[in-house]
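Peer 1: below are the sequence and a predicted model for it; my questions follow.
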Amino acid sequence: MNTDVKPAVLLPAFAATDDRPVTLGVLGGGQLGLMFVHAAQRMGYRTAVLDPDPTSPAGLVSHHHLLADYDDAQALASMARLCDAVTTEFENVPAESLRVLSQRNPVSPAAEAVAVAQDRLVEKAHFQTSAAQSAGATAVGPVPYAPLREAVDLEAVDASLFPAILKTARMGYDGKGQVQVASRDALAAAWADLNHVTCVVEKRLDLVAECSVVVARGRDGVCVHLPLQVNTHVGGILARTEVFPGNLDADLSARAIQAAEAIAETLRYVGVLCVEFFVVKQGDGTLGLVVNEMAPRPHNSGHYSIEACDLSQFDLQVRTMTGLPLSEPRLHSAAVMLNLLGDIWLNTGELRTPAWDHVLALPGTHLHLYGKLEARVGRKMGHLTITASTIESARQVAEEAQAILGIWH
């Protein structure tokens with residue numbers, strides 16, 4: 001054990017070793033880092049951000065902004081000296097950077113867990129292992145799939161997987177690196193277009209719904225979860241999340257939560273983890289559940305928790321980093337969360353400022369803009385959460401907000 005690693009419990013105020021404010025670090029300065037920094041600072045912690053973008057949202061509001069690449073040795077050394085614990089806001093941070101930091105700091109999630117999420121084939125193998133260790137019919141496995149690493153794998157892809165979706169094993173997110181293929185010939189052509197990088201071939205299923213579960217697991221093994229979220233994606237990007245009691249069949253909801261916690265447990269995960277699921281129609285007409293993918297960090301679908309729960313996913317992130325107790329978050333309002341993409345600044349054919357005053361005149365609206373300086377089609381610029389006593393009321397306000405902003409999906 002490395003004796004230089006700081007203790008697991010880090011109370012807000014002053015560190016016992018050097019009489020300075022406790023500082024929490026995050027690799028990545030985007031919107032997830034921004035909301036983490038806000039949560040940490042609200043609890044009395046100082047923060048440090050490592051991000052190469054001088055205008056990164058989190059870097060602009062943090063106590064320290066280390067302006068460097070994520071694998072910069074000098075920056076990592078500075079991060080280790082500044083911080084008492086470190087996390088990440090995105091899964092494609094170099095796992096080796098997390099390993100370097102872990103030699104001196106508690107790092108959550110660990111490099112090994114992040115590395116699993118960085119490779120879809122490794123990730124699906126973990127899902128299979130987790131399902132195998134779960135009990136009986138309640139186990140939730142991955143989407144049927146096959147690996148595609150070399151030409152010989154083309155013929156080995158089972159015909160039952162078609163029609164399929166071809167996905168790059170690494171670096172794909174928000175619908176990127178994905179191609180729908182109807183046959184083996186189409187698969188070969190699509191793989192060539194992707195320059196024969198390692199891929200996964202997934203069976204295209206009859207989807208009824210998409211949902212996700214955000215869990216937080218501490219170093220002591222205590223695991224809590226946010227309420228299950230029902231999601232709508234458009235073009236591979238999350239467009240809308242709804243959360244309210246009974247938003248999914250109780251049995252399916254319980255199975256999803258159990259599966260997400262099992263995935264965290266078998267990874268020996270520490271931190272906040274989001275697991276995404278598909279609700280599918282089975283051959284006998286009943287509904288089933290498969291696990292799609294995981295994100296080793298807070299997730300877009302969990303943003304509603306800032307206003308609709310007594311503990312947000314970012315509060316939980318701070319608690320897992322610092323060893324503070326994890327209590328089960330409670331939903332106190334029904335919620336609809338709308339993603340705000342750059343499209344709404346551009347959907348009239350020219351750049352314009354959306355009518356935020358009209359949106360904020362609606363009851364129960366909570367606007368989050370991330371401070372990004374350039375609006376682009378498909379770029380996540382912010383989100384809007386609508387809370388209400390009933391989901392019907394929240395939906396009505398959400399429809400009015402969508403009409404004002406020109407969001408149609």
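Peer 2: Great, that's in hand.
Peer 1: ok, for Gln180, nearest residue in space, not its chain neighbours?
Peer 2: With sequence-adjacent residues excluded and distances taken as C-beta to C-beta, 6 or more residues apart in numbering, Gln180 is closest to Ile165, at 5.6 Å. C-beta: built from backbone N, CA, C; applies to glycine.
Peer 1: pull out the buried residues from stretch 166-173.
Peer 2: Of all the residues in stretch 166-173, those buried under the rule 16 or more other C-beta atoms under 10 Å are Leu166, Lys167, Thr168, Ala169, Gly172.
Peer 1: what's the answer for stretch 62-79, then?
Peer 2: Judged by neighbour count (16+ other C-beta under 10 Å), stretch 62-79 contains these buried residues: Ser62, His63, His64, His65, Leu66, Ala68, Tyr70, Asp72, Ala75, Leu76, Ser78, Met79.
Peer 1: in helices, which of these fall?
Peer 2: Mapping the buried residues of stretch 62-79 onto helices (DSSP state H) picks out Ala75, Leu76, Ser78, Met79.
Peer 1: in contact with the last one, which residues?
Peer 2: Going by C-beta atoms under 8 Å, 6 or more residues apart in numbering, Met79 touches Gly25, Leu27, Ala48, Leu50, Leu66, Val86, Leu101.
Peer 1: now Leu252
Peer 2: The neighbourhood of Leu252, defined by C-beta under 8 Å, 6+ apart, consists of Val279, Leu287, Leu289.
Peer 1: got a quick ChimeraX command for the buried subset of these?
Peer 2: Of these, the buried ones can be selected in ChimeraX as follows, counting by 16+ other C-beta under 10 Å:
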select :279,289
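Peer 1: looking at the contacts of Leu252, which is nearest Ile306?
Peer 2: Nearest to Ile306 out of these is Val279 (C-beta to C-beta; 25.7 Å).
Peer 1: ok, that closest one to Ser134 distance?
Peer 2: In this structure, Val279 and Ser134 are separated by 18 Å, where distance is defined by C-beta to C-beta, to the nearest Å.
Peer 1: show the pLDDT at Tyr173.
Peer 2: Each residue has a pLDDT score; the one for Tyr173 is 59.
Peer 1: now do the one 3 residues further on
Peer 2: At Lys176, the predicted lDDT confidence score is 66.
Peer 1: just to revisit the earlier point, and the contacts of Met79, which are buried?
Peer 2: Looking at the contacts of Met79 with 16+ other C-beta under 10 Å, the buried ones turn out to be Gly25, Leu27, Ala48, Leu50, Leu66, Val86, Leu101.
Peer 1: show me the contacts for the residue nearest to Gln180.
Peer 2: Under the criterion of C-beta under 8 Å, 6+ apart, the contact partners of Ile165 comprise Gln178, Val179, Gln180, Val181, Val201, Glu202, Arg204.
Peer 1: how about it, phi and psi?
Peer 2: Taking degrees, to the nearest 10, you get phi -120, psi 130 for the backbone angles of Ile165.
Peer 1: the residue lying closest to Ala111 once chain neighbours are set aside: neighbour count?
Peer 2: Setting aside the residues directly before and after it, Ala111 is nearest to Leu98 in space (C-beta to C-beta, 6+ apart), at 3.8 Å. One way to gauge burial is a neighbour count; for Leu98, by other C-beta atoms under 10 Å, it gives 25.
Peer 1: after the helix or strand harbouring Leu98, next one along is what?
Peer 2: Leu98 is part of helix 95-102 when elements are defined by DSSP states H and E. Downstream of helix 95-102, the first helix or strand assigned by DSSP H and E is helix 111-117.
Peer 1: CA atoms of that next one as PDB?
Peer 2: Backbone C-alpha positions of helix 111-117 (Å, rounded to 0.1, in the frame of the first residue of the first chain) are rendered in PDB as follows:
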ATOM      1  CA  ALA A 111      -8.400   3.500 -13.800                       C
ATOM      2  CA  GLU A 112      -9.300  -0.100 -14.200                       C
ATOM      3  CA  ALA A 113     -13.100   0.700 -14.200                       C
ATOM      4  CA  VAL A 114     -12.700   3.600 -16.600                       C
ATOM      5  CA  ALA A 115     -10.700   1.300 -19.000                       C
ATOM      6  CA  VAL A 116     -13.600  -1.200 -19.100                       C
ATOM      7  CA  ALA A 117     -16.000   1.600 -20.200                       C
END
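Peer 1: if we can go back for a sec, among the buried ones among the contacts of Met79, which are in strands?
Peer 2: When DSSP state E is applied, the buried ones among the contacts of Met79 are split such that Gly25, Leu27, Ala48, Leu50, Leu66, Val86 fall in strands.
Peer 1: can you give me the pLDDT of the second one?
Peer 2: In this case it means Leu27. 98.
Peer 1: for it, what are its contacts?
Peer 2: Remark: with contacts taken as C-beta under 8 Å, 6+ apart, Leu27 is in contact with Leu50, Asp51, Tyr70, Met79, Val86, Thr87, Thr88, Glu89, Phe90, Val93, Ser97, Leu98.
Peer 1: again, 10 Å this time
Peer 2: The contact partners of Leu27, by C-beta atoms under 10 Å, 6 or more residues apart in numbering, come to 33, 48-51, 66, 70, 75-76, 79, 86-90, 93-94, 97-98, 101, 107, 114.
Peer 1: repeat that for the first one.
Peer 2: Under the criterion of C-beta under 10 Å, 6+ apart, the neighbours of Gly25 are 40, 46-50, 62, 64, 66, 78-80, 82-88, 101, 105, 107, 321.
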